[in-house]
Structures are given as structure tokens and as C-alpha cells.
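Student: one predicted model, sequence on top.
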Protein chains: 2
Amino acid sequence: MDAPALVLINGQPASTVPVTDRGLQYGDGLFETMRLHQGRIPLWPLHLARLRAGADRLGLALNGDLLEASLRQACDTTDQGTLKLCLTRGDTGRGYGYPAGQASRLILYLYPANSVAPQPGGIRVRLCQTQLARQPTLAGLKHLNRLEQVLARAEWQPPAFQEGLVCDTDGWLIEGTFSNLFLYRDGELLTPKLDMAGVAGVLRQHLITQQPLGLPVRETRLRPDDLHSAQSCFLTNALIGLWPVAEVVLPSGPLRLPDVTMPRRIYQTLVSELGFAAN
Amino acid sequence: MDAPALVLINGQPASTVPVTDRGLQYGDGLFETMRLHQGRIPLWPLHLARLRAGADRLGLALNGDLLEASLRQACDTTDQGTLKLCLTRGDTGRGYGYPAGQASRLILYLYPANSVAPQPGGIRVRLCQTQLARQPTLAGLKHLNRLEQVLARAEWQPPAFQEGLVCDTDGWLIEGTFSNLFLYRDGELLTPKLDMAGVAGVLRQHLITQQPLGLPVRETRLRPDDLHSAQSCFLTNALIGLWPVAEVVLPSGPLRLPDVTMPRRIYQTLVSELGFAAN
């Protein structure tokens, strides 16, 4: 088990939480997974914006000073690693209700740096049977209710597959179990809308805003069938950067997407902008 | 805060769990809330059956000997109380994946006896704006992904309301935030199907099986509009037993359901069968 090198709970070193924590009891909270690189957190403004948006939507208190102090403390111990931030609605007794002014709990985990290598030749993925429920109230957030991802992730194992794609219960293609999905087709990038399901990743947001190589990025509804008309396909998250997809195993059979030229060119922009490892 | 009088983790007294617990990280687990009455757990076989069904569906290991020993230990300390059982997928590093043979964690909380009184005159409830996602893979289970219930529960406060009703995202009436729903109409009891959303409560299951007062119970699809044609309405769970509903505040206005005769008669069967407090 990849154990955290350091855990800060509300700014204090600790390794446990009370059994009354609502993150444990109800998944009542949010998280962020971030890359610590050369003492900095690439895309930090996007991580913070998503955390704030989630806290607003769930009515969770977020103490910005505590957050900043915790991150500074972790970054003082190393300049490379993986940071996981977890914001829960703290402790209450039994029952879904909580009082006004309920205090949150901020947990910062520092893990060793992610050892996942770039995948210049592209990875092999499968389309998962597990589907994501459509819930506009929670869509886009990186909240702690992740049973669907756990079930989808249990459908495949490396090295046969490196990731699984998931649809929502209406059959729309949404994302990978731990990554966002992009298709390259006819000079533009397509990525699923995440207004009904999915996690709006910060690297996805970065690409939408930055338009890598001048390519427009369009958020749209996509079906698994759209993979057939794509010139190439890739997956992103804040830790891996970008993985080209060379093969998708669909219920109808395997689909090869051997031309990884464009994903590799986009990855190169992330190498220079965000310090990801060169291929 | 209503603090637990005793907590056993894998059979040992404890008050905290490691920050690496997957219940905390992903809501990766199940729970049961049970009434300890005169040294016994009414409806225990139904609680156990639901827990086993959930563990099967999620692929969670459940150690029956540990479960039994933990319950015996808690029941040795008192003969009245509220028991909450929490089964998580134990500890792993970051990431949704877990190894074969992953060990679970069994947490048993013993709380003081539920102080909620019978409500012979009926309660007042509102129809919540929060809707439940439709997810057949998780429907019916009492799993730890409860953000929807937290959000719905935050829409109302006692004493204005004692419970909130929730629909799924297709507008079907499903349940209360912490209870199951029954309508009495034309000599039969109707309760929502829980194949797409909701928690299949043990007292609900008991009523379906037992047919109180010889009344057939039909699981069906119901709309909020069906409340208008109901002669009466009530809510159930393992701790409260049964609450008649005297008024539902709908978006269109309040609906009075003043005839609580039938809910009270059914409650009387629970008083004699399961030892709930007499009105």
C-alpha cells in the first residue's frame, strides 16, 4: 500500500480521524488530487476554484488560511509528491442533519510522487459496464461519493488495461474512471459535457481554456460510437498529464486508434507549460 | 452532539479510523442502523440480509463471526440503545483500485436509545427539491454515498417539518430522507419501487412480508400527485417504527391527510410485534 508520508488534519500531523467524521459516515465532503512539482502545485488556481465551487454547492465551510498553511507546511518537507486534500463536514452524531456553523475538517495527505510514466505509444482501455447516475446537483464536483468509480475500476486490471471509460445511465460517454476524455476529430477537440455526471478535471479545464496548438475545444454529448469517427483519443488528469489511447475495447470488439500524433503533440505543450516528464 | 457510548472497530474499542480508510476516501462501504430493545435487535435477520446483499453487490468481505462477536459485546453493556454498523473496504493507498483479498473494516457504534417519540397525531413533511439520481446498481442498498440525503435533509428543520419526501430525477416519489413511504388507498398499501433509487428499509420489508392487518402491500411507481388520492400516508424506519403523515407541503401548497386511523392501527401492530412504545 502506497502510504502517505505526511498527513495534516486541520494543520496538525495526525494519522486518524474520529469515527464520527461525516466523510466516513456519508461521504459528506470533497477532495482534490494535486501534483507537487519543484515545490509548486501546477494548476493550483483551478484546483482551488473547483474546491470552492464544490464547497459552495454543498454548503461546506472552507478556511482559506488553514488551507494555505497546510499546503505550505507540506511543501516545506519536499518539493515533489502527490497531494490529496480532503474537506469533510466534520463530526456530528447520527443523522443526516447538521447544525448551522458546522465546522469542517481539512485533511491534507502527502504521498510520494506519482510514478506513472508517460505513455507515448498510447494505452489500452475498456468500456466499463458500470454506468454513472445522472445527477445535475453533484455533476462536475470531486465529491467523496465515489462508489461508482470504485465499481467501474474493479472491472479491469493493469496490465491488460490502463483505464476504463464510463457512460452515464443514458448511454452518453462521460470520462475515464480517474481521467477526462478528449477526442480529436476534423481539426477540433471534443470532450463530454459534465452537467449530468462526471468530474470536471482541472487539466480538462486548462485545455478548454488554453486551446492547445490553437485547437478549439468543444464540450458536447458523445456516444461510444463517436470513437469510431475520431482520428485520435486521449485521457487527462492532473497527475498523469495526458495519455493517448491506442485501443478501446468496446462490447462490439476492439477499436484501434493508432495515430497518436496529435495527443503526443498536445502532451508536449504540457511538458513545457506544466513541467510534465518528457516522453 | 449525540456521541456514541461505545465504538468497536474490528471488535476492539476505538474512537478513530486511519485516514486511509476507504469509507472516508470514497464512501466505499455500507451501513445499518438498528434498534437495541430489551437486549435484542428487532428485525435482525432483515438487517443481516440487507448487509449481506450489499456486501455481495459491492464485493465487500463480511466476517460473520466478527460481526456476531461485536454485537454480543455491545449488547453486553446495555439492553437499550441505537446500534450503527459500518462496513468499509478498509485501507488502501490513493486510487479507486483495491487488491484481491482486500480486508474490510467493521465499525460498530452504540448510541443512547433513540429519543424520538411516537407521533400519534401525525407529522408535517415537505417535498424536497433535491432529487435522487437513478442508479440501479446501487438502488436499495444502505451504502455510504449519502450526499443526496445530506442535501435533502438540509432543506428543512424541525419543528417546522419532521421529515422531507424525495423524488428521483424522473419525478417518481421514492422515500423520506431517512424513512420509507407508504400510502393507504382503497384497501391496499402502496410503497414506491426501489429498483432505481432509494434505501430498502427493513421495516418496509417487514410490512411487505407481514401484510399488517391483512392489507396487501404493492410496490409500484408513485408520483407526488398520488398523495392527493391517498386516504392516508405514513413513514417507517427501524428506529421510529411508523410516523403517520398529517400534512405534506407540496410546491402547489399544503395537502392535509388528517385521517391517521389506519397508520395508527398499523403502528399498533408494531407495538405488539416489535416492542415499539405505545402511543
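Tutor: Arrived safely. Model, not experiment: these values are computed from the prediction. Numbers count the residues shown, from 1 in each chain, chains lettered A, B, ... in the order given.

Student: only C-alpha atoms for contact and neighbour calcs from this point on.
Tutor: OK.

Student: flag every residue of chain A that's near chain B.
Tutor: A:1-4, A:15-19, A:23-28, A:58, A:92-94, A:96-98, A:130, A:132-135, A:137, A:144-147, A:149-151, A:153-154, A:169 (C-alpha under 8 Å from any C-alpha of the partner chain).

Student: where are the low-confidence patches of the stretch 1-150 of chain A?
Tutor: A:1 (pLDDT under 70).

Student: hey, where'd the helices end up in it?
Tutor: A:22-26, A:44-58, A:64-77, A:147-153 (DSSP state H, counting those that start in this stretch).

Student: rewinding a little: list buried residues within the residues of chain A next to chain B.
Tutor: A:4, A:15-17, A:19, A:23-28, A:58, A:92-94, A:96-98, A:130, A:132-135, A:137, A:144-147, A:149-151, A:153-154, A:169 (16 or more other C-alpha atoms under 10 Å in any protein chain shown).

Student: in strands, which of those fall?
Tutor: Using DSSP state E, the subset of those located in strands is A:16, A:17.

Student: what's stretch A:76-88 in contact with?
Tutor: For stretch A:76-88, the surrounding residues in contact (C-alpha atoms under 8 Å, 6 or more residues apart in numbering or on different chains) are A:21-23, A:27-40, A:60, A:62, A:104-114, A:239.

Student: got the domain ranges for chain A?
Tutor: Under the assignment automatic domain parsing, the domains of chain A span A:6-111, A:123-274.

Student: ok, back up a step: in strands, which of the contacts of stretch A:76-88 fall?
Tutor: Using DSSP E, those in strands are A:29-37, A:105-111.

Student: just those residues now: which is nearest residue A:243?
Tutor: residue A:35 (16.1 Å; C-alpha to C-alpha).

Student: contacts only, for that closest one.
Tutor: Residue A:35 touches A:41, A:42, A:80, A:81, A:82, A:83, A:113, A:114, A:238, A:239, counting by C-alpha under 8 Å, 6+ apart.

Student: just the buried ones from these, in PyMOL syntax?
Tutor: Here is the PyMOL selection string for the buried members of these, based on 16+ other C-alpha under 10 Å:
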select buried, chain A and resi 41+42+80+81+82+83+113+238+239
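
Student: so which of the contacts of residue A:35 is the closest to residue A:226?
Tutor: Closest approach between these and residue A:226, by C-alpha to C-alpha: residue A:238, at 25.1 Å.

Student: re the thing from before, and residue B:243, which of the domains of chain A is closest to it?
Tutor: domain A:6-111 (16.9 Å).

Student: sorry, back to before: write a ChimeraX command that selects only the buried members of the contacts of stretch A:76-88.
Tutor: Those of those that count as buried under 16+ other C-alpha under 10 Å are selected in ChimeraX with:
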select /A:21,22,23,27,28,29,30,31,32,33,34,35,36,37,39,60,62,104,105,106,107,108,109,110,111,112,113,239
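
Student: what about the residue nearest to residue A:38 when sequence neighbours are not counted, how many neighbours?
Tutor: Once flanking residues are discounted, residue A:38 sits nearest to residue A:79: 4.9 Å by C-alpha to C-alpha, 6 or more residues apart in numbering or on different chains. Residues lying near residue A:79 (other C-alpha atoms under 10 Å in any protein chain shown) number 15.

Student: could you do residue A:52 as well?
Tutor: Neighbours around residue A:52, by other C-alpha under 10 Å: 17.

Student: who are the contact partners of it?
Tutor: residue A:62.

Student: what do you get if the cut-off is 10 Å, keeping everything else the same?
Tutor: A:30, A:46, A:58, A:60, A:61, A:62, A:64 (C-alpha atoms under 10 Å, 6 or more residues apart in numbering or on different chains).

Student: ok, now residue A:191?
Tutor: Contacts of residue A:191 (C-alpha under 10 Å, 6+ apart): A:173-175, A:180-184, A:204, A:208, A:217-222, A:233-235.

Student: again, but for residue A:244
Tutor: Residue A:244 sits in contact with A:118-124, A:181-182, A:232-236, A:257-264, A:266-267, where contact means C-alpha under 10 Å, 6+ apart.

Student: tell me what it is bridged to.
Tutor: residue A:234 (DSSP bridges).

Student: where's it relative to residue B:188, distance?
Tutor: Counting by C-alpha to C-alpha, to the nearest Å, the gap from residue A:244 to residue B:188 is 58 Å.

Student: residue A:25 touches residue A:96, doesn't it?
Tutor: Yes. The pair residue A:25 / residue A:96 is scored as a contact, 9.2 Å apart, by C-alpha atoms under 10 Å.

Student: give the residues shared as contacts by the two.
Tutor: Common neighbours of residue A:25 and residue A:96, using C-alpha under 10 Å, 6+ apart, are residue B:146.

Student: rebuild the contacts of residue A:35 as a markdown table, extending it with distance to residue B:212.
Tutor: Shown next, in a markdown table, are those (distance: C-alpha to C-alpha, whole Å):
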| residue | distance to residue B:212 |
| --- | --- |
| A:41 | 61 |
| A:42 | 62 |
| A:80 | 64 |
| A:81 | 60 |
| A:82 | 57 |
| A:83 | 55 |
| A:113 | 60 |
| A:114 | 58 |
| A:238 | 56 |
| A:239 | 57 |
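
Student: sorry, back to before: identify whichever of the domains of chain A lies nearest to residue B:68.
Tutor: domain A:6-111 (20.3 Å).

Student: flag every buried residue along the one helix or strand residue A:190 maps to.
Tutor: Using DSSP states H and E, residue A:190 sits within strand A:188-192. When neighbours are counted by 16+ other C-alpha under 10 Å, the buried residues of strand A:188-192 are found to be A:189, A:190, A:191, A:192.

Student: name whatever forms a beta bridge with the third one.
Tutor: According to DSSP bridges, the residues that bridge with residue A:191 are residue A:219.

Student: from chain B, how far off is it?
Tutor: 23 Å (C-alpha to the nearest C-alpha, to the nearest Å).

Student: with the last one instead?
Tutor: Separation of residue A:192 from chain B (C-alpha to the nearest C-alpha) stands at 19 Å.

Student: would you confirm that that residue contacts residue A:208?
Tutor: No. At 11.6 Å, residue A:192 does not count as touching residue A:208 under the criterion of C-alpha under 10 Å.

Student: contacting residues for residue A:160?
Tutor: Contacts of residue A:160 (C-alpha under 10 Å, 6+ apart): A:123, A:124, A:125, A:126.

Student: highest mean neighbour count out of the helices of the stretch 1-150 of chain A?
Tutor: Neighbour counts (mean count of other C-alpha atoms under 10 Å in any protein chain shown) averaged over each of those peak at helix A:22-26, with a mean of 30.

Student: just the CA trace of that one, in PDB.
Tutor: The C-alpha trace of helix A:22-26 is given here as PDB (Å, rounded to 0.1, in the frame of the first residue of the first chain):
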ATOM      1  CA  ARG A  22     -19.200  12.800   8.200                       C
ATOM      2  CA  GLY A  23     -16.700  11.900   5.400                       C
ATOM      3  CA  LEU A  24     -16.700   8.400   6.800                       C
ATOM      4  CA  GLN A  25     -20.400   8.300   7.700                       C
ATOM      5  CA  TYR A  26     -21.900   9.700   4.500                       C
END
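
Student: re earlier: please flag which of the contacts of residue A:160 sit within strands.
Tutor: Using DSSP E, the contacts of residue A:160 in strands are A:123, A:124, A:125, A:126.

Student: of those, closest to residue A:279?
Tutor: residue A:123 (13.9 Å).

Student: excluding sequence neighbours, find me the nearest residue to that closest one.
Tutor: Leaving aside its sequence neighbours, residue A:123 sits nearest to residue A:245 (C-alpha to C-alpha, 6+ apart; 4.8 Å).

Student: which residues touch the one you found?
Tutor: Counted by C-alpha under 10 Å, 6+ apart, residue A:245 has contacts A:119-125, A:162-163, A:181-183, A:232-235, A:256-260, A:263.
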